[in-house]
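Asker: I would like to see how this sequence folds:
(2 chains)
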Amino acid sequence: LLCGPGLRRSGAGLLVTKCGLLRHRPGGGGAYWVDSQQKRYVPVKGDHVIGIVTAKAGDVFRLDVGGSEPASLSYLAFEGATKRNRPNVQVGDLIYGQFVVANKDMEPEMVCIDSSGKSSGMGIIGQDGFLFKVSLGLIRKLLAPKCEIIQELSQLYPFELVLGMNGRIWVKAKTVQQTLIIVNILEACEYMTAEQRKQALAKLSGN
Amino acid sequence: FMQRGLDSQTKKQLEEEEKKIISEEHWYLDVPDLKEKESCIIEERSFLRCEDLVYGRMSFKGFNPEIEKLMIQMNSKCKEEKIEEDDKMEADVSDEEMARRYETLVGTIGKKFLRKRDQCVLKGDDEDEDDEVEEGNSNTRPSKRAKKMFLKPQD
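Answerer: Predicted coordinates:
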């Protein structure tokens, strides 16, 4: 039995620590968690996030993840990095990585490789593109297995999307205008109903 | 006065006294051991495990082909089990054929060993020159000769 975020084990029972809807997943031994809405991110181990490099301190980069502390990222934590072969990371770069250490007592640490040593899509995010912040609930909605928003958007035009669990989204399309359109849709679809969204997309594809 | 060479007895006494002092100073727990209740509840703080979220990096309509490959790879990890089952069914040689081949295989290899055994028995027969044994041999020889004849492999 899995007790997820928002629930805590105390003695023989469970305590609720956050307000929200209680969700249940029957498969895989059952899981309960509280679906709550918030904007501020708390680093959690195993989460994939987008970080901004703020400083280079010797062998370690400091990344801003939107939490209470900057996370640290060692230069050896990239695929194919050795002491002589250093990754080309500058201050202000965007990095997609996952947390290896993230608890309330220690400074969070990130890596850009898998447990098997492969990068599997993590690492420095390329040039151009647009980074913006949304609430965490929207990110989870977008990352759901069959998300209508993403399917509808993918019909419009080719683009690239990186979603970080810390509420940050990075979008890149061929022209600046297309990028901004996608950004506006993603920001607004949090509060739009499905019909309003389809109307807006119909207008865009008509244009 | 004799500090350098203390007697072994006095040494032992001193050690014992030291041990007593040390063990008295040790703290003992008077509280009985609490039984750890086995709970089947695992606590987890990430939404990833609860909700089966998709991988965060996506690309659409061929904008970034590497990421599109990644998407297929990541999202098919759930479906990999089904794919493995299909591969097992499409083996190069079907099970029936394998069984047939194996049958004949066992037979042919078995004959190899029979010949070797025949040679050993023959040598034993040559050494023994008893009539009974010869009769027995003469009786057995035709059957062995029959066995020695070349048999076509059954394909």
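Asker: contacting residues for whatever residue of chain B ends up closest to chain A?
Answerer: Going by Cβ to the nearest Cβ, chain A is nearest to B:Lys61 of chain B, at 3.3 Å. Heads up, the C-betas are built off the backbone N, CA and C, glycines and all. Listed by Cβ atoms under 8 Å, 6 or more residues apart in numbering or on different chains, the contact set of B:Lys61 reads A:Ser154, A:Tyr157, A:Pro158, A:Phe159.
Asker: what's the neighbour count on A:Ser120?
Answerer: 17 (other Cβ atoms under 10 Å in any protein chain shown).
Asker: what does A:Ser72 give?
Answerer: 17.
Asker: Now A:Pro158: closest residue in space, sequence neighbours ignored.
Answerer: B:Lys61 (3.3 Å; Cβ to Cβ, 6 or more residues apart in numbering or on different chains).
Asker: Do you know the pLDDT at the one you found?
Answerer: Per-residue pLDDT puts B:Lys61 at 84.
Asker: any low-confidence regions in chain B?
Answerer: B:1-6, B:27-39, B:77-93, B:115-147 (pLDDT under 70).
Asker: What residues does chain B have near chain A?
Answerer: Neighbours of chain A within chain B, by Cβ under 8 Å from any Cβ of the partner chain: B:37, B:39-64, B:67, B:70, B:73-74.
Asker: and the gap between the residue nearest to A:Pro158 and A:Val65?
Answerer: B:Lys61 is 30 Å from A:Val65, where distance means Cβ to Cβ, to the nearest Å.
Asker: repeat for A:Glu160
Answerer: On the measure of Cβ to Cβ, A:Glu160 and A:Val65 end up 21 Å apart.
Asker: One more: B:Lys19?
Answerer: Counting by Cβ to Cβ, the gap from B:Lys19 to A:Val65 is 55 Å.
Asker: the more surrounded of these two?
Answerer: With neighbours defined as other Cβ under 10 Å, B:Lys19 and A:Val65 compare such that A:Val65 has more, 26 against 10.
Asker: if I read this right, that one contacts A:Val44, doesn't it?
Answerer: No. Contact between A:Val65 and A:Val44 fails when scored by Cβ atoms under 8 Å: they sit 10.8 Å apart.
Asker: The longest strand along chain B packs against which elements?
Answerer: The strand that spans the most residues within chain B, counting by DSSP state E, is strand B:57-60. Secondary-structure packing of strand B:57-60 (3 or more Cβ pairs under 8 Å, 6 or more residues apart in numbering or on different chains; DSSP states H and E): helix A:148-154, strand A:159-163, helix B:65-75.
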